[in-house]
Every structure is written in C-alpha cells, then in structure tokens.
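[1] Generate a structure from the sequence data that follows.
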Amino acid sequence: MELRIPFLAWCFVTLQVAWAEERCSSHFGKTWQGDAEVNEVSFLQMGLQSVVNKRDKEEVLRFMHIPKTGGTSIDSANLHLPPDKRAYDSYMLQTYQRIADSRHLEGQDLGAIFDESHSDMFSYIIFMGLNAGSYRIIPPGVIDGCEDIHTPPSRSAEVALYYQERTTFCAVREPLARYWSAFKMIFYECDPKSVEKRTLSLMTELSTRQYMYNCFFVPQVQSVWGVSNKSAATHQYCHHILHEENLDQEFAELMAEYGQGVELPAAELMSSWTDHCNMSVADLTPPTKAAVYEYFKADYEAFGYAKPDF
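    Just a heads-up that it's a prediction; the model follows:
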C-alpha cells in the first residue's frame with residue numbers, strides 16, 4: 001500500500017518511539033496483531049447524566065473536532081483569542097497549551113503558532129516531531145491509537161466524560177465529501193480507477209480496523225452519539241451540530257447565542273495539504289461512491305444527507 005510520504009513521516013515522528021515502527025509498518029504488509037480496544041459498554045450503561053453539569057450560557061463550551069469537517073478553522077479562531085477570552089475549550093487548545101508550557105512560550109499568540117504549524121503538511125510534521133511529548137494518543141501504545149482530538153467517545157471513557165460534562169458543539173459533513181478529503185490527505189492515488197481500487201481495499205480494512213489512520217475514517221455518528229447507529233444511542237455527546245457546508249453562518253449564530261464574538265478565519269487552513277490531486281467528488285466512480293455510501297450509511301441517515309448518485 002502506497003501512502004503519501006508526509007503521512008509516513010507523521011507516523012514516525014509523532015508516536016512514541018517504542019511502538020511507532022510497529023504501527024506504521026503495519027501498513028506495509030506485516031500482520032496486524034489486533035487493537036487493544038477499550039470496552040466502553042459498561043461505562044456507557046452507567047448513566048452519565050448523573051455527572052453532567054447544569055448547562056447554561058455562562059459555562060464554557062467545548063468543541064469536538066470530528067476529522068475533516070472544518071475543525072482546524074474552528075480551533076484556529078479560538079486560539080487567536082487572548083487566554084482569558086477564549087470562547088470554548090477543546091483538546092486542540094489543551095495540546096497547544098502544553099506545547100506553550102513545555103517550550104516556555106508564555107505571552108505568545110497561540111493562534112499564530114497554530115496557523116504556522118498548519119500552513120503545510122511538512123511544517124506540521126516537523127512541528128509535531130519537535131513537540132511529540134505534548135500530543136496524547138488514545139489508547140496509548142496500540143497500533144491504531146488516535147490523537148485525543150480525533151478519538152470518539154465510543155472508544156474512551158475519558159473522552160466520553162470530557163464531552164458529556166459540558167455543552168459541546170461539533171461540525172459534520174456530507175460523508176462522501178468528507179471521505180474524499182481524508183483520502184487525498186493520506187493516499188497518492190489520483191485517477192478514478194486507482195482511487196476505486198484503493199477505496200474498495202480500504203473499506204475492507206476499515207471493517208475490522210475502524211480506527212486506523214488516526215481515526216480519519218470513523219463514522220461521524222460515533223463521535224456525536226458514541227454508537228455505530230443513531231437508533232441505538234442513549235447519550236448525545238455533541239449537543240450543537242453544525243454543518244461544514246454552512247459553517248460560517250452556523251458557527252456565527254452559535255457564538256452569538258453564547259455571547260461570543262469570535263469569527264472563523266477567512267482563509268481555509270490546510271487547503272494546500274491536498275493540492276497534489278485535482279479530482280473532485282464528481283470524478284469518483286459509481287463503485288467508489290457505492291462503497292463509501294454503504295460504509296457511512298449511518299451518517300447519511302443520522303444527519304439527513306441525500307444518498308449520492310451512483
């Protein structure tokens with residue numbers, strides 16, 4: 001399997017040395033020995049409502065970053081605010097605060113540091129390598145561990161509690177567009193038939209290893225409701241669901257509701273990360289669209305997106 005060089009470098013420079021080689025080499029044919037999966041069933045049945053704080057507009061919001069839904073812009077907007085004026089908490093904010101503390105960056109604009117580190121993929125790889133100790137992988141020490149910001153509450157009791165104990169907002173995205181954005185970030189293929197072949201192979205892999213590739217391909221329902229299908233949900237971890245397709249307006253309305261004046265940045269962050277491929281969703285083959293639809297069918301049903309034509 002050919003992966004983009006930046007993604008391979010991400011593996012080796014950001015993960016704990018003791019297991020980075022094992023994790024990354026698993027994508028090149030070595031037998032995967034299984035994921036030390038966290039069993040959350042008993043936890044989710046305990047009734048988290050007993051620990052949920054009373055929600056009101058005076059409390060600090062929390063942001064849930066679902067991969068490839070505009071979360072980088074949402075984090076950037078908040079990080080640019082003065083420390084005592086931040087509009088919401090997030091795992092990304094906590095990561096950059098740890099980086100600032102470890103590197104003695106008191107008084108510096110975390111938003112500027114964040115934007116610079118995300119300006120292109122290679123800059124981010126170097127930045128993460130230099131600050132690897134400030135990033136948290138959940139669960140630690142397993143092949144398919146994910147950064148805390150991408151970890152769904154279905155996988156971690158700690159993450160579940162973090163989102164459940166405060167009013168949380170997130171953004172979701174049309175699943176095929178989200179998949180294609182993530183695909184271009186990880187794989188080299190950039191012609192319809194090659195993308196189709198890789199997609200069919202990837203869907204098979206994801207059926208048994210859904211958290212691979214830093215949780216980029218985890219269905220969005222698992223983040224919002226902590227289950228694989230909304231109909232089985234007993235908790236909603238994301239209370240305000242925004243939509244990537246109308247993110248500027250919906251974000252502004254939510255911030256106004258909570259008395260915050262923060263706005264999303266005008267520039268689209270990370271846009272250069274996928275400029276190696278100029279294919280669009282419309283160029284994907286019917287078998288590719290069909291496979292993605294079947295895998296993310298629960299997202300289509302939960303969030304009301306129309307079934308793609310194929």
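
[2] so which strand or helix has the closest residue to Ala87 other than its chain neighbours?
    With sequence-adjacent residues excluded and distances taken as C-beta to C-beta, 6 or more residues apart in numbering, Ala87 is closest to Gln260, at 4.0 Å. For every residue, glycine as well, the C-beta is placed using N, CA and C. Using DSSP states H and E, Gln260 sits in no helix or strand.

[3] do you know how far Gln260 is from Thr69?
    From Gln260 across to Thr69, the span is 20 Å (C-beta to C-beta, to the nearest Å).

[4] Those two: which is more packed in?
    Using other C-beta atoms under 10 Å as the criterion, Gln260 and Thr69 rank with Thr69 on top: 25 against 19.

[5] May I have the phi/psi pair for the more buried one?
    Thr69 adopts backbone torsions of phi -130, psi 10, taken as degrees, to the nearest 10.

[6] Isn't it up against Phe169?
    No. Assessed by C-beta atoms under 8 Å, Thr69 is found out of contact with Phe169, at 11.5 Å.

[7] okay, the residue lying closest to Gln222 once chain neighbours are set aside: pLDDT?
    Once flanking residues are discounted, Gln222 sits nearest to Pro152: 4.1 Å by C-beta to C-beta, 6+ apart. Pro152 is assigned 98 on the pLDDT scale.

[8] Contact partners for Pro152?
    Each residue near Pro152 by C-beta atoms under 8 Å, 6 or more residues apart in numbering is listed here: 159, 215, 218, 222-223, 226.

[9] redo that, cut-off 6 Å
    By C-beta atoms under 6 Å, 6 or more residues apart in numbering, the residues touching Pro152 are 218, 222-223.

[10] cool, and Asn78?
    Contacts of Asn78 by C-beta under 6 Å, 6+ apart are 86-88.

[11] Just the buried ones out of those residues, please.
    Neighbour counting over the contacts of Asn78 (16 or more other C-beta atoms under 10 Å) leaves 86-88 as the buried ones.

[12] Looking at those, which is nearest Pro139?
    In terms of C-beta to C-beta, no member of those lies closer to Pro139 than Tyr88, at 25.6 Å.

[13] now for the longest helix along the chain, which elements pack on it?
    For the chain, the helix reaching the highest residue count under DSSP state H is reported as helix 192-206. With contacts taken as 3 or more C-beta pairs under 6 Å, 6 or more residues apart in numbering; DSSP states H and E, helix 192-206 sits against helix 286-295.

[14] Residues touching the helix it packs on, excluding its own?
    By C-beta under 6 Å, 6+ apart, helix 286-295 touches 176, 179, 196, 199-200, 203, 308, 310.

[15] repeat for stretch 302-310
    With contact meaning C-beta under 6 Å, 6+ apart, stretch 302-310 is reached by 172, 174, 176, 221, 230, 286, 289-290, 293.

[16] try stretch 88-104
    Under the criterion C-beta under 6 Å, 6+ apart, residues 60-63, 75, 78, 110, 114, 131, 134, 148-149 lie in contact with stretch 88-104.

[17] which residues in the chain form strands?
    For the chain, the strands defined by DSSP state E occupy 61-64, 88-90, 137-138, 146-147, 168-172, 240-243.

[18] Kindly reformat the ones you listed as JSON lines containing distance to Gly304 and mean pLDDT.
    JSON lines is the format used below for the strands of the chain (distance: least, C-beta to C-beta, whole Å; pLDDT from 0 to 100):
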{"stretch": "strand 61-64", "distance to Gly304": "19", "mean pLDDT": "98"}
{"stretch": "strand 88-90", "distance to Gly304": "25", "mean pLDDT": "98"}
{"stretch": "strand 137-138", "distance to Gly304": "30", "mean pLDDT": "96"}
{"stretch": "strand 146-147", "distance to Gly304": "27", "mean pLDDT": "97"}
{"stretch": "strand 168-172", "distance to Gly304": "10", "mean pLDDT": "99"}
{"stretch": "strand 240-243", "distance to Gly304": "9", "mean pLDDT": "99"}
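
[19] Ile186: which of the ones you listed is closest?
    Closest among the strands of the chain, using C-beta to C-beta: strand 146-147, at 13.6 Å.
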